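1. Here is my input, please return the structure:
(chains A, B, C and D)
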Number of protein chains: 2
Amino acid sequence: MPTIKDISRLTGISVTQVSRALNNHSDVSQATKERVNRVAKEIGYVANRSAQNLVTQKSKSLALILSNLEKSGGRDNIVYSLISGMYHFAESEGYEVVMFTTSSVHQRDKSFVQLCKEQNISGAVVNGLRTDDPYYLELVDSDIPCVLIDSSVKGKETMTISCDNKKAAFDAVNHLIQHNHKNIAVLNGRTEATITADRFQGYVLALTEAGIPLNEKFIHYCDFQEDIAYETTLKIMTESPEITAIFCASDMMAVGALKALRFLEIKVPEQVSLVGFDDIPLAEYLMPPLTTVSQDFYGMGYEAGHQLLKMIRHEAHKNKIILPHKLLERKSVFML
Amino acid sequence: MPTIKDISRLTGISVTQVSRALNNHSDVSQATKERVNRVAKEIGYVANRSAQNLVTQKSKSLALILSNLEKSGGRDNIVYSLISGMYHFAESEGYEVVMFTTSSVHQRDKSFVQLCKEQNISGAVVNGLRTDDPYYLELVDSDIPCVLIDSSVKGKETMTISCDNKKAAFDAVNHLIQHNHKNIAVLNGRTEATITADRFQGYVLALTEAGIPLNEKFIHYCDFQEDIAYETTLKIMTESPEITAIFCASDMMAVGALKALRFLEIKVPEQVSLVGFDDIPLAEYLMPPLTTVSQDFYGMGYEAGHQLLKMIRHEAHKNKIILPHKLLERKSVFML
DNA sequence: TCAAGCGTCCGAAACGTTTCGGAATCAAGT
DNA sequence: ACTTGATTCCGAAACGTTTCGGACGCTTGA
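-> From the prediction side, this is the model:
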């Protein structure tokens, strides 16, 4: 591979000036710049990133830190959308993105901070980590700029990006109320997740605004998992057959609920209405097509990268960004 | 960040020996190794990858080269499975994976080879590129080891990994024949793709073995796209209502076909049977659940990484690997 | 004539690591 | 006492880039 020295030798211009020409610095004449660039193209010169990173003590890489690739992205392809959104932004800025998961931490016995420092990584987008993970806490407390998706922690160098989960849950539940439902169960996510609490608040708000009392028996947590939602639905529908609607805090849980209802031979939506959350690709193909709150995960990944770069460049940035959501009415809600 | 020099200073051991101790070379005493490793852990030392890459002229990064993130991975999450399989393998070996797409080539005006050289990347897994892409050809012709998924080109340093597409297609079509279908249409993929030709051969073989003549009117190409499959199905079912079964070379095309059949009020599978290919997550949720040929894309990504590393290390490797497939019988095929 | 300023240039050091070539120490064998 | 070999060590160069500090030549204005 040709280096900057080759260009220097070929043109008779010093290495210093070649470097400055390539980087379009001001104190190099137009003529020199042109000559350098021409020769560079001719011999197929590409800058050696390792050398650049070494001397500048930084790199054009962003980290995408996830809990676990396989599991979380199984069928819903939320993580995939996040990846491709962030990737496309990074690409447009000439940045690389490198992924880390909790399993890489354990496999290599290094913390996220170490993993990042090792590669001179400039910043990280974080999604789906347990907020009590010590490595997570170390990361947000470090001097590495972080953009957190769907969770907020007061760290030195962090910002949060998410949709308005409370309002979104409110919209979903209110939609059910507008269809005259009163006995509305909720299948919520992992109790430790920030979004779980937010969405629960939306649920509560919608009910209380409508003057409907809360019923402990209708409130359940299913860890965002399809199979737990399945079991839970089986249980609550036999214990509380007065339920006429279920709000699921994720589409995958709605899928589990739907299967359970089908198993119990309860008609959806005629006997029980269903609202999901996320709008995963599956949602529109279910029978019936699922009414759900849509989130733009691709946009989230893209915007996360965008904000991260702003932080890295010390440009002004807000510390919280709210992305729009939308209630998608399909066929899983029935007017009583 | 602490460096190797800090360890040297703290222990009074030369930089050379510290380096060799850290890398567990043979000509350093056990006592020294222990001391070095202890101090390294104490001060939280992590090796600087850039410096390592620079001096060794290689890196612990593998490339994953894709046609286009967004489009190809839209709903089927095949690409996601590939990514996570390859990622998990890389992770277990302490390697990074960096993704490139055709759009990165154009955005940065660099060929895949340049993109790889720039980062000292040791090898690449390639999926979904057009085989006539000049950058693709340059890549497989270069000295960079490549593992090609689902396509074969005689390059210097390449190997191919795929399922037995011909046999798989044969199995699918034969399954229809065993259910007494004779007028079997095929919705095939992009004409330039290697797998398209392979699957077509399987289709032909199944028919000829059963003594069923080929019918040009039953053979169509839909570029693996749902909407084209939709339009095509609309067309062929009105022009050739004698068709009782359709073999789709991808599940996404089967989804398109299914929508078209539903629009035409043709019952699946009672009036027309359907077999897909890939077993995407959607398949089992369709109405009726789709009978299809399953491929293990996660395993493909994992194995691709595995074989790539073998090539990089100059260990023995075959130049073609066939992964198993399986016909998954669900509810979209009807016995005539 | 001199100083100041500008535009353009260059040498050399630095980044953190690996590795080549050589060397010191010690025990064992002659 | 001398060689031999094994074991353990070290200095210095090298990888390709950026950048600091300085320098040269030219024009301009006093």
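2. list the buried ones in stretch A:325-336?
-> The neighbour-count check on stretch A:325-336 (16 or more other CB atoms under 10 Å in any protein chain shown) flags A:His325, A:Leu328, A:Arg330, A:Ser332, A:Val333, A:Phe334 as buried. No exception for glycine: its C-beta is placed from N, CA and C like everyone else's.
3. Need the residues that contact that stretch.
-> A:163-164, A:167-168, A:171-172, A:175-176, A:179-181, A:244-245, A:254, A:268-270, A:273-276, A:279, A:283-284, A:286, A:288-295 (CB atoms under 8 Å, 6 or more residues apart in numbering or on different chains).
4. Repeat that for stretch A:109-122.
-> Residues from elsewhere that reach stretch A:109-122, judged by CB under 8 Å, 6+ apart: A:53, A:57-63, A:65, A:98, A:100, A:104-105, A:108, A:124, A:135-136, A:138-139, A:142, A:144-145, A:312, B:1, B:44, B:46-50, B:96.
5. Would you mind naming what in chain A lies close to DNA strand C?
-> A:12-17, A:27-32, A:51, A:54-55, A:57 (CB under 7 Å from any atom of the strand).
6. Tell me where chain A has helices.
-> A:4-11, A:15-22, A:30-42, A:49-56, A:69-72, A:78-92, A:102-108, A:112-118, A:134-141, A:165-178, A:194-209, A:226-239, A:251-263, A:297-312 (DSSP state H).
7. Redo those as a markdown table? Include distance to B:Gly85.
-> Output for the helices of chain A, formatted as a markdown table (distance: least, CB to CB, whole Å):
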| stretch | distance to B:Gly85 |
| --- | --- |
| helix A:4-11 | 38 |
| helix A:15-22 | 38 |
| helix A:30-42 | 38 |
| helix A:49-56 | 26 |
| helix A:69-72 | 9 |
| helix A:78-92 | 13 |
| helix A:102-108 | 13 |
| helix A:112-118 | 21 |
| helix A:134-141 | 24 |
| helix A:165-178 | 32 |
| helix A:194-209 | 28 |
| helix A:226-239 | 22 |
| helix A:251-263 | 21 |
| helix A:297-312 | 21 |
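8. before we move on, the earlier item: could you tell me which of the contacts of stretch A:325-336 belong to strands?
-> Within the contacts of stretch A:325-336, residues falling in strands by DSSP state E are A:Cys163, A:Ala245, A:Ser273, A:Leu274, A:Val275, A:Gly276, A:Thr291, A:Thr292, A:Val293, A:Ser294.
9. Setting the sequence-adjacent residues aside, check what's closest to the fourth one.
-> The shortest distance from A:Leu274 to any residue other than its chain neighbours is 4.3 Å, reached at A:Ser332 (CB to CB, 6 or more residues apart in numbering or on different chains).
10. any weak-confidence spans in the stretch 51-200 of chain A?
-> For the stretch 51-200 of chain A, the stretches flagged by pLDDT under 70 are A:70-74.
11. what about 90?
-> By pLDDT under 90, the low-scoring segments of the stretch 51-200 of chain A are A:67-77, A:103-109, A:128, A:130-132, A:151-157, A:191-194.
12. Check the stretch 201-336 of chain A too.
-> Scanning the stretch 201-336 of chain A for pLDDT under 90 picks out the ranges A:285, A:287, A:313-319, A:336.
13. I'd like the distance between A:Met159 and chain B.
-> Using CB to the nearest CB, to the nearest Å, A:Met159 is found at 24 Å from chain B.
14. Pull the number of nearby residues for the residue in the stretch 51-200 of chain A that DNA strand C sits nearest to.
-> When distances are taken as CB to the nearest atom of the strand, the stretch 51-200 of chain A reaches nearest to DNA strand C at A:Val55, 3.3 Å away. The number of residues packed near A:Val55 is 10, by other CB atoms under 10 Å in any protein chain shown.
15. same question, the one 3 residues further on
-> Applying the criterion other CB under 10 Å, we find 13 residues in the vicinity of A:Lys58.
16. got the contact list for it?
-> Taking CB under 8 Å, 6+ apart as the contact definition, A:Lys58 lies against A:Asn120, A:Ser122.
17. Quick one: buried ones out of the contacts of stretch A:325-336?
-> Applying the neighbour count, that is 16+ other CB under 10 Å, the buried entries in the contacts of stretch A:325-336 are A:163, A:167-168, A:171-172, A:175-176, A:179, A:181, A:244-245, A:254, A:268-269, A:273-276, A:279, A:283, A:286, A:288, A:290-295.
18. neighbours of the residue of the stretch 151-300 of chain A found nearest DNA strand D, just the number please.
-> Here the stretch 151-300 of chain A gets closest to DNA strand D at one residue, A:Glu157, 21.8 Å apart by CB to the nearest atom of the strand. Applying other CB under 10 Å, we find 17 residues neighbouring A:Glu157.
19. Find the nearest non-adjacent residue to it, please.
-> A:Pro145 (4.7 Å).
20. Output the set of residues of chain A in proximity to DNA strand D.
-> Checking chain A against DNA strand D by CB under 7 Å from any atom of the strand, the hits are A:1, A:3-5, A:15-16, A:19-20, A:22-23, A:45, A:47-48, A:51-52, A:54-56.
21. Give me the buried entries from those residues.
-> Counted by 16+ other CB under 10 Å, those give A:Thr3, A:Ile4, A:Ser19, A:Arg20, A:Leu22, A:Tyr45, A:Asn48, A:Gln52, A:Leu54 as buried.
22. which ones among those residues come in contact with chain B?
-> By CB under 8 Å from any CB of the partner chain, the members of those lying near chain B are A:Asn48, A:Leu54.
23. so who does the closest residue to A:Thr160 other than its chain neighbours touch?
-> Take A:Thr160 and drop its neighbours on the chain: the residue closest to it by CB to CB, 6+ apart is A:Ser152, 4.3 Å away. Counting by CB under 8 Å, 6+ apart, A:Ser152 touches A:Thr160, A:Thr194, A:Lys320.
24. Please report which of these has the highest neighbour count.
-> Neighbour max across the contacts of A:Ser152 (other CB under 10 Å) = A:Thr160, 23 neighbours.
25. That residue contacts A:Lys318, doesn't it?
-> No: contact criterion CB atoms under 8 Å: A:Thr160 and A:Lys318 do not qualify, at 9.5 Å.
26. sorry, back to before: what's the residue of the stretch 151-300 of chain A closest to DNA strand D in contact with, if anything?
-> A:Val140, A:Ser142, A:Asp143, A:Ile144, A:Pro145, A:Cys146, A:Met311.
27. quick revisit: quick one: which of the buried ones among the residues of chain A next to DNA strand D is nearest to A:Gly85?
-> Lowest distance from A:Gly85 to these (CB to CB) belongs to A:Gln52, with 26.6 Å.
28. Look up how far A:Thr101 lies from that closest one.
-> 27 Å (CB to CB, to the nearest Å).
29. same question, A:Val15
-> For A:Val15, the distance to A:Thr101 - CB to CB - is 41 Å.
30. Just put the buried ones among the residues of chain A next to DNA strand D in CSV and tack on distance to B:Ala90.
-> CSV is the format used below for these (distance: CB to CB, whole Å):
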residue, distance to B:Ala90
A:Thr3, 28
A:Ile4, 31
A:Ser19, 33
A:Arg20, 37
A:Leu22, 32
A:Tyr45, 29
A:Asn48, 22
A:Gln52, 23
A:Leu54, 23
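31. give me the number of residues near the residue in the stretch 151-300 of chain A positioned nearest to chain B?
-> As assessed by CB to the nearest CB, chain B sits closest to A:Pro281 within the stretch 151-300 of chain A, at 4.3 Å. A:Pro281 is flanked by 20 other residues according to other CB under 10 Å.
32. ok so, going back, dump the contacts of A:Glu157 into TSV; add neighbour count as well.
-> Compiled in TSV, the contacts of A:Glu157 are given as follows (neighbours: other CB atoms under 10 Å in any protein chain shown):
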residue	neighbour count
A:Val140	23
A:Ser142	18
A:Asp143	7
A:Ile144	23
A:Pro145	24
A:Cys146	27
A:Met311	20
